[in-house]
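Chemist: Here is a sequence with its predicted model. Questions after.
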Amino acid sequence: MTTDTDRIQEQILISAPVERVWSILTEGQFLGSWFGNGEPARVDLRPSGLIFFDHGVHGSLPARIEKVDRPRQLSYRWSQGDAGTEPTDGNATLVEFTLDPVAEGTVLRVVESGFNSLSDLSAETVYARRAANLQNWPGKLDFLRLRVEQFVG
């Protein structure tokens with residue numbers, strides 16, 4: 001078995017329409033509840049806009065939006081460096097969300113890529129960040145699914 005060290009890929013089926021999943025994925029009050037410390041995220045939802053995730057003791061984590069194709073695709077670059085560090089080509093991975101409607105609801109796919117291009121970080125830091133993200137994405141997506149399926153709005 002070969003391991004792709006450059007990317008992480010996950011997907012989950014959510015029993016809700018694409019529009020509801022999009023809201024939980026992109027609106028600050030919801031985004032902070034499933035991907036952060038519970039505080040609303042600050043979101044400027046446009047290409048080149050910024051998202052600031054509150055990660056409590058880890059500080060604020062900025063991400064720069066690359067693509068917004070409502071309600072099907074969202075991508076952003078987020079720094080794998082220290083908290084508060086703006087994303088750059090040498091310190092950030094690309095996170096791409098794709099939402100596909102199916103009879104049962106929505107299939108949400110996430111691909112995080114670019115670990116092999118993190119030239120501003122040590123090999124040990126890159127390894128640790130990828131390992132942590134690989135471990136954390138399934139739980140984050142499960143939590144997102146629960147938030148979406150419990151949301152009434």
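Modeler: Okay, I see it. Numbering: from 1, shown residues only.
Chemist: check contacts around Leu13.
Modeler: 102, 104-108 (CB atoms under 8 Å, 6 or more residues apart in numbering). To be clear about C-beta, it is placed using only N, CA and C from the backbone, and glycine gets the same treatment.
Chemist: Counting only helices, which of the residues you listed make the cut?
Modeler: The members of the contacts of Leu13 all map outside helices under DSSP state H.
Chemist: The residues you listed, buried ones only, as a ChimeraX selection?
Modeler: A single ChimeraX command is used to select the members of the contacts of Leu13 judged buried by 16 or more other CB atoms under 10 Å:
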select :105,106,107,108
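Chemist: Need the contacts of Leu13 in a markdown table (columns: pLDDT).
Modeler: A markdown table is the format used below for the contacts of Leu13 (pLDDT from 0 to 100):
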| residue | pLDDT |
| --- | --- |
| Val102 | 98 |
| Glu104 | 96 |
| Gly105 | 97 |
| Thr106 | 98 |
| Val107 | 98 |
| Leu108 | 98 |
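Chemist: If we only consider the contacts of Leu13, which is nearest to Phe52?
Modeler: Nearest to Phe52 among the contacts of Leu13, counting by CB to CB, is Leu108 at 22.2 Å.
Chemist: buried residues in the helix or strand hosting Trp78?
Modeler: Assigned by DSSP states H and E, Trp78 belongs to strand 73-79. For strand 73-79, the neighbour count (16+ other CB under 10 Å) marks 74-79 as buried.
Chemist: One more: stretch 142-153?
Modeler: Within stretch 142-153, the residues scored as buried using 16+ other CB under 10 Å are 144-145, 147-148.
Chemist: Pairing partners for the strand holding Trp78, with directions?
Modeler: strand 60-69 (antiparallel), strand 92-102 (antiparallel) (DSSP bridges).
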